[in-house]
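Undergrad: Provide a 3D model corresponding to the input given below.
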Amino acid sequence: MSDAPLVTIGLPVYNSERYLRQSLDSLLAQTYSDFVLIVNDNASTDGTPRICEEYAAADPRVRYFRNATNIGNPRNFNRVFELTTTRYLKWSTADDFWEPTFLERAVEVMERDPTVALCYPKTFIVDAEGGNRRPVEDNLHLIQPDPAERFLGVISNIGLAHQHLGLIRMASLRQTHLLGVHVASDVNLLAELALYGKFHELPERLFFRRFHKTSGSWKRDDPDHQAKHYHGTVKRDAKMTRWRGHTAFLSAVSASPLSRRSKMRLYRHLLRRMVWDRRDLLGELTYRLGTW
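TA: Take a look at the predicted model:
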């Protein structure tokens with residue numbers, strides 16, 4: 001391994017003992033092996049710390065950190081970003097796993113084309129035991145030269161949001177607002193990232209996304225489940241999520257280096273989306289006014 005790796009694999013974890021070993025093993029078995037693996041533990045109360053310490057002791061690429069309190073999943077992802085000093089970051093999750101060639105294929109793409117901000121593979125959805133593989137199509141191979149077209153491509157085509165677990169160019173990621181603490185903030189991040197570079201989808205299915213009862217993607221309509229996942233022990237109003245999502249899109253466009261003409265085009269599209277979503281937005285506003 002070189003003295004200055006190009007890649008950081010960032011793994012935010014919380015009470016992940018059931019699946020953590022499989023996830024870590026799949027990452028450490030990558031054919032492209034010149035990386036740092038940062039594990040940031042969100043104050044786990046199960047056997048997660050022991051597993052992390054075991055892997056850190058066995059492999060010098062693994063660096064283990066631990067938060068004093070549970071700061072919620074998005075903030076823990078952002079904390080991993082803060083700890084990253086390499087050219088590329090590959091966020092990962094403690095319950096998903098990867099084919100060994102992903103990093104090798106992704107680094108090749110990113111090093112060849114500096115206009116690519118994100119390289120991700122095609123995906124299988126698996127169950128809690130890692131079986132029952134089902135292919136999904138992400139449709140986010142966004143190589144248009146126009147950033148506005150890529151932005152619209154994300155918000156128009158995205159289904160399951162996991163593409164940010166691919167390999168990301170840190171120079172592009174630094175220009176975004178990172179992950180917010182509202183539901184679906186990963187969609188906001190992906191749309192904003194598309195303003196700063198292209199998305200390259202690898203044609204091979206190299207990612208296995210696991211759906212299970214404790215994952216953040218489970219029970220999207222359950223406010224208590226989502227609040228626990230997004231906020232941890234940090235007390236914050238989990239309502240107004242629709243408003244936060246829409247305003248995050250608007251903020252991303254406002255902060256971007258797009259021309260005035262391109263910004264106006266995107267503003268018009270985003271305002272139309274707010275009109276389409278007006279019932280939910282009005283419902284959130286009515287709830288908020290009723291609690292004052």
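Undergrad: over to Ile125. Which of the three states is it?
TA: Reduced to three states with DSSP: H, G, I helix; E, B strand; the rest coil, the structure at Ile125 is strand.
Undergrad: for it, name its beta-bridge partners.
TA: Per DSSP bridges, the residues bridged to Ile125 are Arg134, Arg209.
Undergrad: and it, what does it touch?
TA: Arg133, Arg134, Pro135, Val136, Leu160, Arg209, Arg210, Phe211 (CB atoms under 8 Å, 6 or more residues apart in numbering). Where C-beta positions appear, they are placed from N, C-alpha and C, glycine not excepted.
Undergrad: look at the third one and report its pLDDT.
TA: Pro135 carries a pLDDT value of 97.
Undergrad: on the three-state scheme, Leu11 is what?
TA: When classified by three-state DSSP, Leu11 comes out as strand.
Undergrad: quick check: it vs Ala56, distance?
TA: 11 Å (CB to CB, to the nearest Å).
Undergrad: and for these two, which residues touch both?
TA: Contact criterion CB under 8 Å, 6+ apart; residues bridging Leu11 and Ala56 by contacting each: Val39.
Undergrad: which one of these two is surrounded by more residues?
TA: Leu11 (26 against 16; other CB atoms under 10 Å).
Undergrad: mind checking pLDDT for that one?
TA: 98.
Undergrad: just the CA coordinates for stretch 239-258, please, in CSV.
TA: Backbone C-alpha positions of stretch 239-258 (Å, rounded to 0.1, in the frame of the first residue of the first chain) are rendered in CSV as follows:
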residue,chain,number,x,y,z
LYS,A,239,-41.9,17.1,10.9
MET,A,240,-41.8,19.5,7.9
THR,A,241,-39.8,17.0,6.0
ARG,A,242,-41.5,17.8,2.7
TRP,A,243,-40.7,21.5,3.1
ARG,A,244,-37.1,20.7,4.0
GLY,A,245,-36.6,18.5,1.0
HIS,A,246,-38.0,21.1,-1.4
THR,A,247,-36.0,24.0,0.1
ALA,A,248,-32.8,21.9,0.0
PHE,A,249,-33.3,21.5,-3.8
LEU,A,250,-33.7,25.3,-4.1
SER,A,251,-30.7,26.0,-1.9
ALA,A,252,-28.6,23.7,-4.0
VAL,A,253,-29.5,25.5,-7.2
SER,A,254,-28.9,28.9,-5.5
ALA,A,255,-25.4,28.0,-4.3
SER,A,256,-24.3,26.4,-7.6
PRO,A,257,-22.2,28.1,-10.3
LEU,A,258,-24.9,27.7,-12.9
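Undergrad: what does it contact?
TA: Here stretch 239-258 has contacts from 147-148, 151, 155, 176-177, 180, 182-185, 187-188, 191-192, 195-196, 223, 263, 266-267, 270, 273-274, 277, 280-281, 284-285, 287-288, using CB under 8 Å, 6+ apart.
Undergrad: residue ranges with poor pLDDT in the stretch 1-150 of the chain?
TA: Filtered on pLDDT under 70, the stretch 1-150 of the chain yields the residue ranges 1-2.
Undergrad: residue boundaries of the strands in it?
TA: Assigned by DSSP state E, counting those that start in this stretch, the stretch 1-150 of the chain shows strands spanning 7-13, 35-41, 62-66, 88-91, 97-98, 116-126, 134-136.
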